[in-house]
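> output the structure for:
(chains A and B)
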Number of protein chains: 2
Amino acid sequence: MGDELKKSPLAPDCFPDIPPIDGVTFSSTSAGVKYKNRMDLMLVHLCPGTAIAGVFTKSATRAAPVLDCQAKIGNKSTEGAAIIVNSGNANAFTGKRGNLAVSSIVTKVAQEISVPKARVLTSSTGVIGEPLPADRIIEKIGELKQNLSDSGIKKAAEAIMTTDTYAKGSYAELNVDRKVVKIAGIAKGSGMIAPDMATMLVYLFTDAEVQQPILQSILSDINEDTFNAITVDSDTSTSDTVLLAATGMSKVCVTQENENFKNTLRKVMCDLAHQVVRDGEGASKFVEVSVVGAQHDMDAKTHAFAIANSPLVKTALAGSDPNWGRFVMAIGKSGAAADRDRLKIFFGDILVAKDGFVAPCYSEEDGAAYMRKAELKITVDFGMGDGTFTAWTCDLTHQYISINADYRS
Amino acid sequence: MGDELKKSPLAPDCFPDIPPIDGVTFSSTSAGVKYKNRMDLMLVHLCPGTAIAGVFTKSATRAAPVLDCQAKIGNKSTEGAAIIVNSGNANAFTGKRGNLAVSSIVTKVAQEISVPKARVLTSSTGVIGEPLPADRIIEKIGELKQNLSDSGIKKAAEAIMTTDTYAKGSYAELNVDRKVVKIAGIAKGSGMIAPDMATMLVYLFTDAEVQQPILQSILSDINEDTFNAITVDSDTSTSDTVLLAATGMSKVCVTQENENFKNTLRKVMCDLAHQVVRDGEGASKFVEVSVVGAQHDMDAKTHAFAIANSPLVKTALAGSDPNWGRFVMAIGKSGAAADRDRLKIFFGDILVAKDGFVAPCYSEEDGAAYMRKAELKITVDFGMGDGTFTAWTCDLTHQYISINADYRS
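As a prediction, this is how the structure comes out:
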């Protein structure tokens, strides 16, 4: 499907240059899970001693591979590990057969590349409710092992795409005691995107040395204002997974206090989260919704998502309509504290509304000119306290309907 | 705007025959509030002693007329009363000027038709954030008074339309002690429809004699599973209002225990609620989402709305795609209790999924044939308890985007 869709107008120019991460090798192939003639399977091999952290969808109807991953995260081991991911079929709502499929894939990977089964993590993304043809995957594992390479990350990013219109990757590095620490990541996701989390698969790799509990704490923390701060359509998938693997090969030890590491990781995660929104199904605008001055951060988050998820706000954005009344509506319905007469609404730097009414200096022409941009920033100041939250979303267009009224995802 | 839009394919054949309700007269005119050459103002006169109950939007950014109405509901009086409603402008987020506009309209109506100001209720619907041209309304009040008639209900229903594609009315009667009690209602609403409540204005009239506190209790109660059980786009308006006026002219006294009255009122309210959904912006399908077997009623409601509001469910419905995986996704994300392996999903009478997987007897052809209908019933049995809730919604189509990306509402 991916290749039939036109590349999002909001896509970055190209996939970034990502150098090899010591201790991580990639391999991809075409297993024909559902799509024909395109890559749909990737394998990542992680060196012995790699620590792995994860965050997952909170859906009550989580897919079999997610349940399996969740049970394994936190397992201590000095041995190697593997991540295997297929696109085309989510292995979700597939009953006991779903668990058996995961188990047979895990067993084969463990045998083939000599890692414990408890260190083999799987993800599946694509159609829900159809049995996963595990045999097609299993018969490709030998080939995947043969082709493992430290430069295969871009092809891996391509293999996990579903309705994505471009492969998503990001890279950043930091210096600690004159040594370089690398952080790389790939992601897929474009529809069914909402906090907690999204049809979103994200794999992050670093050569830093991090104790697993610390790695988990850092990942969970940064996830809140990156992948859990984006929404395309308010729908949450049964398969969302973010994994972070730290191989330790740089010999640089990272502790909970290392703000430099956290900021660099946040940069990579934020970049990937934005790339997912920029590939939102049918998106023609990338929109930052910034709430400040709310009573507290939770209220700010509630307001930010009430705006970012409102179909009436998102269709106004699609129509480049500076219809600020719809923002007022969304704020009103959110359920969090708001005082109509203390609200200030900004489009970019333009003050649109204050004191319970349109701002005296505001001109509809200015608002309309701003709204025609492809990258928008909407700020709402509640004038009530210190609560802030920033969410990212896209507009709701005809193309979203076309993709989702026809595509069986 | 209304007249530029094609009538919804789900509309009833025609406006019902509604006989006069003793004690209620109607009048409508064209005040040019925003629209040209169409009716946009209606006045209802209610005879002395009429009891009035109301339920209103819970939006934190409620419009000025809503705040005014809320303050007045419950006022005891043996005098007459009036309801005046304009379309084209919601008088919402209009600051102090909004309150002044309400006050000047109320004062003029009270003078003109000799009722206390505390018994004049106003509603406004249309664009948010533009000052209401109250003078255009005020200068028509004399004319409205002249033309009050007990047969003007259909024209009144037309005058309150915004993006509605048809006027909405309903009527039912009951017998109490060989006397007839009449219940009639009109409504407007098609976009920004969601529980708590909707850009929805509803006016109900009966000639029953009901004490105000009882009338309020009955209205609030029935509102929960009628107007608060519908959703078009999950957006909640700043102006929603449901008023119920009981003139007492039938001389039939109704108490809290009168199930016959409640059922008849429920029938009228349910009919109007369905008519609003059938006029959902861009709707091509009317969908009943029935949740049974949930842990309790609150959970059932949460699940029903998670399904009814999911853009991915609604686009699948638009595409006549029997994509039951999306229902599983919506259930999973709702946050209420669910056990994947105890779920049963039905399309009409067709069992689609059970035991955590597609039902053995289910054929995709049957599902697809069912989904092509214009009226759908989706039932989800959670197999966990006695909780039930039924919600009504419509599909999400290209036409919704067209209406909302262009129309300044």
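> flag the shaky bits of chain A, pLDDT-wise.
Scanning chain A for pLDDT under 70 picks out the ranges A:1-5, A:191-199, A:232-238, A:406-409.
> cutoff 80 now
Across chain A, the ranges flagged by pLDDT under 80 are A:1-5, A:58-61, A:75-76, A:128, A:190-199, A:231-239, A:281, A:333-335, A:400, A:403-409.
> let me see the domain layout of it.
According to the domain assignment given by automatic domain parsing, chain A is divided into the following structural domains: A:2-278, A:286-406.
> how far is the helix or strand A:P65 falls within from where the chain is centred?
With secondary structure defined by DSSP states H and E, A:P65 is part of helix A:64-72. Centroid separation between helix A:64-72 and its chain, computed with C-alpha atoms, centre = their mean, to the nearest Å, is 18 Å.
> what is it packed up against?
Counting contacts by 3 or more C-beta pairs under 8 Å, 6 or more residues apart in numbering or on different chains; DSSP states H and E, the secondary-structure elements packed against helix A:64-72 are strand A:51-56, helix A:95-113, strand A:120-127, strand A:241-246. Bear in mind the C-beta positions are built from the backbone N, C-alpha and C, glycine included.
> is chain B within reach of the second one?
In this case it means helix A:95-113. Yes. Looking at helix A:95-113 against chain B by C-beta under 8 Å from any C-beta of the partner chain, the contacts come from A:G95, A:K96, A:R97, A:G98.
> show me the two of these that sit farthest apart.
Using C-beta to C-beta, the residues of helix A:95-113 next to chain B reach their maximum pairwise distance at A:K96 and A:G98, which is 7.0 Å.
> overlap in contacts of those two?
Residues touching both A:K96 and A:G98 (C-beta atoms under 8 Å, 6 or more residues apart in numbering or on different chains): B:G356.
> and the two? which has more neighbours close in?
Using other C-beta atoms under 10 Å in any protein chain shown as the criterion, A:K96 and A:G98 rank with A:G98 on top: 26 against 12.
> thought that one was touching A:T61?
No. Taking contact to mean C-beta atoms under 8 Å, the distance of 11.3 Å between A:G98 and A:T61 leaves them out of contact.
> shared neighbours of these two, which are they?
Here A:G98 and A:T61 have A:A92 as joint contacts, going by C-beta under 8 Å, 6+ apart.
> where's A:K145 relative to chain B, distance?
For A:K145, the distance to chain B equals 32 Å [C-beta to the nearest C-beta, to the nearest Å].
> can you spell out which helices and strands pack onto whichever strand or helix holds that residue?
Assessed by DSSP H and E, A:K145 sits inside helix A:141-146. Other elements packing on helix A:141-146 under the criterion 3+ C-beta pairs under 8 Å, 6+ apart are strand A:24-29, strand A:41-46, helix A:95-113.
> what ranges do the strands span in the stretch 201-350 of chain A?
Across the stretch 201-350 of chain A, reading from the start of the chain, the strands by DSSP state E, counting those that start in this stretch fall at A:201-206, A:230-231, A:241-246, A:286-294, A:344-347, A:350-354.
> chain B contacts on the stretch 1-150 of chain A?
Within the stretch 1-150 of chain A, the positions near chain B by C-beta under 8 Å from any C-beta are A:57-62, A:90, A:92-98, A:127-130.
> switch to 7 Å and redo it
The interface of the stretch 1-150 of chain A toward chain B, taken as C-beta under 7 Å from any C-beta of the partner chain, is made up of A:S59, A:A60, A:T61, A:R62, A:F93, A:T94, A:G95, A:R97, A:V127, A:I128, A:G129.
> rebuild these as a markdown table, extending it with distance to B:K377.
Shown next, in a markdown table, are the residues of the stretch 1-150 of chain A next to chain B (distance: C-beta to C-beta, whole Å):
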| residue | distance to B:K377 |
| --- | --- |
| A:S59 | 25 |
| A:A60 | 23 |
| A:T61 | 21 |
| A:R62 | 28 |
| A:F93 | 21 |
| A:T94 | 26 |
| A:G95 | 25 |
| A:R97 | 29 |
| A:V127 | 24 |
| A:I128 | 22 |
| A:G129 | 20 |
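> can you say which of these are buried?
Neighbour-count burial (16 or more other C-beta atoms under 10 Å in any protein chain shown) applied to these gives A:S59, A:A60, A:T61, A:R62, A:F93, A:T94, A:G95, A:V127, A:I128, A:G129.
> need the max-distance pair from those residues.
Taking C-beta to C-beta as the measure, these reach their widest spread between A:A60 and A:V127, a distance of 19.5 Å.
> what residues sit buried inside the helix or strand where A:I137 lies?
Here A:I137 is covered by helix A:134-138, with elements defined by DSSP H and E. Along helix A:134-138, these residues count as buried under the neighbour rule (16+ other C-beta under 10 Å): A:A134, A:R136, A:I137, A:I138.
> alright, calling it a day.
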